[in-house]
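Enquirer: what would the 3D arrangement of this be:
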Amino acid sequence: MQTIWKFPIIVDDYFEVTMPVEAEVLSVQTQGGLPVMWASVDSEADVETRGFCLRGTGHPLDGDEGRFVGSFQLHGGSLVFHLFEVSREALRNG
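Expert: You can find the predicted model right below:
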């Protein structure tokens, strides 16, 4: 069944999320002061591990960030982070 799930974002350079195969990230925001992403998922699909990285505004990009997913603000907007999904190839190559 197609539904929307919420996944926490870990504020770290790199983190992994287990989600149903072919989940589509819809939005990245904060809820209750914590960063989260919402994705459209097939709740009956197998799961996979997907890699994500965060970069702060003004921080260097190293070229391995992958596809831009969205941005969110913390501490009243004094910190702005940008979320990227790391490619499956980069995830496999560690």
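Enquirer: surely residue 18 touches residue 51?
Expert: No - counting by Cβ atoms under 8 Å, residue 18 does not reach residue 51; the two are 11.0 Å apart. The way it works is simple: take the backbone N, C-alpha and C, and place the C-beta from them, glycine included.
Enquirer: which of these two has more neighbours?
Expert: residue 51 (18 against 9; other Cβ atoms under 10 Å).
Enquirer: quick one, strands of the protein?
Expert: Remark: strands assigned in the chain by DSSP state E are 2-8, 14-20, 24-31, 34-42, 47-56, 67-74, 79-85.
Enquirer: can you redo those as CSV with mean pLDDT?
Expert: Converted to CSV, the strands of the chain look like this (pLDDT from 0 to 100):
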stretch, mean pLDDT
strand 2-8, 97
strand 14-20, 96
strand 24-31, 97
strand 34-42, 98
strand 47-56, 96
strand 67-74, 96
strand 79-85, 97
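Enquirer: neighbours of the nearest residue to residue 45 once chain neighbours are set aside, just the number please.
Expert: Of all residues not flanking residue 45 in the chain, residue 20 sits nearest, at 4.0 Å (Cβ to Cβ, 6 or more residues apart in numbering). The number of residues packed near residue 20 is 18, by other Cβ under 10 Å.
Enquirer: next one: residue 69
Expert: Residue 69 is flanked by 19 other residues according to other Cβ under 10 Å.
Enquirer: that one contacts residue 86, doesn't it?
Expert: No - under the criterion of Cβ under 8 Å, residue 69 makes no contact with residue 86, lying 10.4 Å away.
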